[in-house]
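[1] here is a sequence together with a model predicted from it:
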Amino acid sequence: MVTSIIRRLFQALFVVLAMTVIVFIGVSVIGNPVDILINPDANQVERARVIAHYGLDEPLWKQYFIFLRGLAQGDFGDSFVYGRPALGLILERLPATLELAIAALGIAIVVGLPLGLYAGLYPSRISSRTIMTGSILGFSLPTFWVGLMLIMIFSVELGWLPTNGRGPTLEFLGGQWSFLTSDGLRHLLLPALNLALFKTSLILRLTRAGVQEVLPQDYIKFARAKGLRERRVIAVHVLKNLMIPVVTIVGLEFGSLIAFSVVTESIFAWPGMGKLIIDSINLLDRPVIVAYLMIMVLLFVVLNFVIDICYTILDPRVRLDSKA
């Protein structure tokens, strides 16, 4: 077990190292930040000074090793636009994105899991078919359109919820969080619902498919033959055996909620990492873009590792040291 964990850690480090090459080269060959950073009327001396200041006059391979050395020290360089450490800018926006992602994932689990369980246990009921039809809409409707409709209905027409922004925040664990205030919760609700729509449908359909796959199994029939209550059969035998695919999806989708919340954050003017990366791409702010992408790489590597550990907890038959 310990040997396998160490081996996985080395694999994760190799993945991160490979991604540093891909991310750095990919970002470096797209656009020239000098064209945005320097006034078109500036003379050649001024252009050369700015280029040398940001190290853009060095060969690409040398820029990469400078970047790699800084990465090992937690230094992604200073933002071209803000003149501040890129990592600091992202960490400032991280609590807002985390808060939105956790709220959206919570909604998706609380709504999707019971509805999927119900639809799997009673597939022939009209209510179950209605739930599955609704899940198709959740997959099909574009996020930006749903966001605009939520604003139009609940903010413009009904006036129940604010249209944008994060609202007042309180400090907790070194970050600013809006869910700790009532007005902040009101600001959080619409973007969280918008972000959760697709994930809810995904968890719902996955849970339903898992229930229908587990129910015909012999151990379910045996549990019922022993006279166990239906509630215990569902809670212990059905749910436990369908949790492995659900845990996989929930873990990976949490990462995607953080990485791809750009549309929702833009629609609701939510001051998170997604809005920052869009602004940075428009301005070719290379250090911020690279820092954001590397943080996303680390996030997915860590999530995959945690999911592997969770497998062994949920199902002892799944071993990290199994050679499949």
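    Looks like it arrived, so ask away.

[2] residue contacts, Leu87?
    Taking CB atoms under 8 Å, 6 or more residues apart in numbering, we find Leu87 in contact with Gly74, Asp75, Phe76, Ala291. Where C-beta positions appear, they are placed from N, C-alpha and C, glycine not excepted.

[3] number of residues surrounding the last one?
    Other residues within reach of Ala291 by the criterion other CB atoms under 10 Å amount to 28.

[4] ok, now which ones touch it?
    Phe76, Gly77, Ala86, Leu87, Leu89, Ile90.

[5] return the alpha-carbon coordinates of stretch 127-147 using CSV.
    The C-alpha coordinates for stretch 127-147 follow below in CSV (Å, rounded to 0.1, in the frame of the first residue of the first chain):
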residue,chain,number,x,y,z
SER,A,127,-42.6,11.0,-12.0
SER,A,128,-39.4,9.1,-12.8
ARG,A,129,-39.8,9.7,-16.5
THR,A,130,-40.5,13.4,-15.9
ILE,A,131,-37.2,13.5,-13.8
MET,A,132,-35.3,11.9,-16.6
THR,A,133,-36.8,14.3,-19.2
GLY,A,134,-35.7,17.2,-17.0
SER,A,135,-32.2,15.8,-16.8
ILE,A,136,-32.0,15.9,-20.6
LEU,A,137,-32.8,19.6,-20.5
GLY,A,138,-30.1,20.1,-17.9
PHE,A,139,-27.6,18.6,-20.4
SER,A,140,-28.9,20.5,-23.4
LEU,A,141,-29.5,24.1,-22.2
PRO,A,142,-26.5,26.3,-22.7
THR,A,143,-25.0,27.7,-19.5
PHE,A,144,-24.9,31.3,-20.6
TRP,A,145,-28.6,31.2,-21.7
VAL,A,146,-29.7,29.6,-18.4
GLY,A,147,-27.8,32.3,-16.5
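
[6] list the contacts of it.
    Residues outside stretch 127-147 that contact it (CB under 8 Å, 6+ apart): 115, 118-119, 122, 190-191, 194-195, 197-198, 200-202, 204-205, 208, 263-264, 267-268.
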